[in-house]
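Undergrad: Have a look; sequence and predicted model below, questions after that.
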Amino acid sequence: MNLELRHLRVVCAIAETGSVTKAASLLGLAQPALTAQLQRIERILGGPLFERDRRGATPTALGELVLARAKVVLPAMKGLQEDAARLAGNHVTPNQYRIGAVSGPILGGLIARLAAENDSVQVLTHPSHWADQLSEMVSSGRLDFCVVGACGDTVPGTPADGLIWREIAVDAIFVMLPETHPLAHRWEVDLAELAEAQWAVLPGDGCFGDCFAAACARSGFSPRTMYEMDVGNVIDLVQAGHAVGLCKATFRRTHGIATVPIAGAPLRWRHLLGWHPRSQAAEFADAMLAHAVAAYEESAARNQHYIEWLKLNPQFKPQLSIA
């Protein structure tokens, strides 16, 4: 087996995160699969690339050599792919958009607005749990736009991606409870009241897990089991009363489930639109952002509890026109 670019990306991910487990999460792989891949890479190169212990993974001398070369090769290949994609005409036209998105309230409304504006428009979508994956696809010319989320003030990807990011809106994070739960009909719920709960969340990257753990610590407890699963299974688990869910405030109302604000609004989720400034998609970015904001407004307006709550928490609607 020959060394490939994907192998260099694996080595870089482990070095950047300092952990095989964290690198596996970053790359969207299972930890055993990434460990096996690292072992194959080390066999190709003739020695261990990392010293691994309970504190994480530290590059060996051979690992440092590979990382130094990878930091030259990967940006060069990325630039070649971007330039080749644009030269080959692999770009957006007014009648076609390639949009990647993580789970959220915006993509469906965005597609509807693009279609209403031009009934011949073709929208090709690429779903993912991983914002960094989508930003890399935009950077390399495989997507025109991505609609992603970020916790706090961070943005996905790296500065080398060269993307422009614009904020669509800021969502508060609510809890999902079965309608039979004693707290389901409260105006707000304090996190401390859910100290004994098990939690169900969507998978994803970024710092949200750390932010949630910190919010729980400020409320005096550490969260119990955190189940990562797709949205259908999260709903099933909450409806059955086996877990409490975390969701964006704009989560569409579902039979048997109540969404309740968290007192003090300790968690937020910024919806972002990203594109590459040198792509032809950039010409349509302002219109795309306007459609995305309108799609978010429509989604927020479906939740009357959220609209009333926003009146007391205006920091969560910088782009909204809801009175």
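TA: Perfect, I can see it now.

Undergrad: And Met288, its phi and psi?
TA: According to degrees, to the nearest 10, the main-chain angles of Met288 amount to phi -60, psi -40.

Undergrad: and what of the one 3 residues further on?
TA: Note on His291: its backbone torsions stand at phi -60, psi -40 [degrees, to the nearest 10].

Undergrad: Which stretches in the stretch 1-150 of the chain count as helices?
TA: Counting by DSSP state H, counting those that start in this stretch, the stretch 1-150 of the chain forms helices over residues 5-17, 20-27, 31-45, 61-87, 107-117, 131-139, given from the N-terminal end onward.

Undergrad: now for the second one, which elements pack on it?
TA: The contact analysis (3 or more C-beta pairs under 8 Å, 6 or more residues apart in numbering; DSSP states H and E) places helix 20-27 against helix 5-17, helix 31-45. Where you see a C-beta, it was placed from the backbone N, CA and C, and this is true even at glycine.

Undergrad: Can you tell me which of those is nearest to Gly157?
TA: Distances from Gly157 to each of the helices and strands packed on helix 20-27 were compared using C-beta to C-beta; the shortest belongs to helix 5-17, at 12.5 Å.

Undergrad: Would you mark the buried spots in the closest one?
TA: The neighbour-count check on helix 5-17 (16 or more other C-beta atoms under 10 Å) flags 7-8, 10-15, 17 as buried.

Undergrad: quick one: average pLDDT of that helix?
TA: Confidence for helix 5-17, expressed as mean pLDDT, is 90.

Undergrad: Not counting its own residues, what contacts it?
TA: Helix 5-17 is contacted by residues 20, 23, 26-27, 34, 37-38, 41, 44, 49-50, 57, 59, 63, 66-67, 69-71, 73-74, 77 when judged by C-beta atoms under 8 Å, 6 or more residues apart in numbering.

Undergrad: Then stretch 153-169?
TA: Residues contacting stretch 153-169 (C-beta under 8 Å, 6+ apart): 75, 78, 106, 131-132, 134-136, 138-139, 147-148, 150, 205-207, 270-278, 282, 285, 289, 292-293, 296-297, 300, 317-320.

Undergrad: what about it, how long is it end to end?
TA: This stretch, stretch 153-169, spans 13 Å end to end (C-alpha to C-alpha, to the nearest Å).

Undergrad: can you check stretch 278-286 too?
TA: The separation between the terminal residues of stretch 278-286, taken as C-alpha to C-alpha, is 15 Å.

Undergrad: Tell me where the chain is predicted with low confidence.
TA: Residues of the chain that meet the criterion pLDDT under 70 lie in 1, 81-94, 204-207, 317-323.

Undergrad: center of it - which residue?
TA: Averaging the C-alpha coordinates of the chain gives a centre point, and the residue nearest to it by C-alpha atoms, centre = their mean is Ala131 (3.9 Å).

Undergrad: any idea how far Ala115 is from that residue?
TA: 25 Å (C-beta to C-beta, to the nearest Å).
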